[in-house]
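S.K.: Build the 3D model from these lines:
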Amino acid sequence: MPQLNPAPWLLMMTMTWLAMFTLMTKITNNATNILPTPKNNKMNQPQWTWPW
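M.R.: Residues are numbered from 1 along each chain as shown. Now for the predicted structure:
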């Protein structure tokens, strides 16, 4: 049995996890920040920023 090198698999796993994590955080931040803010509570609400 030839021994498998675990380095490329670990690298691929970390890269995919990082990509999914960044995408999910960007999507959720947009979803939470795009909601309309109340008029009297505008100072406390975070401002909406572009996703990039």
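S.K.: switch to C-alpha atoms for all contacts and neighbour counts from now on
M.R.: Noted.
S.K.: Low-confidence stretches in this protein?
M.R.: 1, 27-52 (pLDDT under 70).
S.K.: how much space is there between residue 10 and residue 24?
M.R.: Going from residue 10 to residue 24 by Cα to Cα, to the nearest Å gives 21 Å.
S.K.: try residue 7
M.R.: Separation of residue 7 from residue 24 (Cα to Cα): 26 Å.
S.K.: Compare the two (neighbour count), which wins?
M.R.: A count of neighbours by other Cα atoms under 10 Å puts residue 24 above the other of residue 7 and residue 24, at 12 against 9.
S.K.: What is whichever strand or helix holds that one packed up against?
M.R.: Element membership for residue 24, per DSSP states H and E: helix 6-33. With contacts taken as 3 or more Cα pairs under 8 Å, 6 or more residues apart in numbering; DSSP states H and E, helix 6-33 sits against no other helix or strand.
S.K.: helix, strand or coil for residue 2?
M.R.: coil (DSSP: H, G, I helix; E, B strand; the rest coil).
S.K.: What about it, how many residues nearby?
M.R.: 4.
S.K.: Likewise for residue 26?
M.R.: Taking other Cα under 10 Å as the neighbour definition, residue 26 ends up with a count of 14.
S.K.: Next one: it from residue 5, what distance?
M.R.: In this view, residue 26 and residue 5 are 33 Å apart by Cα to Cα.
S.K.: same thing with residue 18?
M.R.: Per Cα to Cα, residue 18 is found 21 Å from residue 5.
S.K.: Of those two, which one has the most company?
M.R.: Neighbours of residue 18 and residue 5, each counted by other Cα under 10 Å, are more numerous for residue 18; the result is 12 against 8.
S.K.: Phi first, then psi, for residue 3.
M.R.: Taking degrees, to the nearest 10, you get phi -80, psi 130 for the backbone angles of residue 3.
S.K.: What of residue 4?
M.R.: Note on residue 4: backbone dihedrals following degrees, to the nearest 10 are phi -80, psi 140.
S.K.: now swap in residue 5 and tell me
M.R.: Summarising the backbone geometry of residue 5 under the convention degrees, to the nearest 10, its torsions are phi -90, psi 120.
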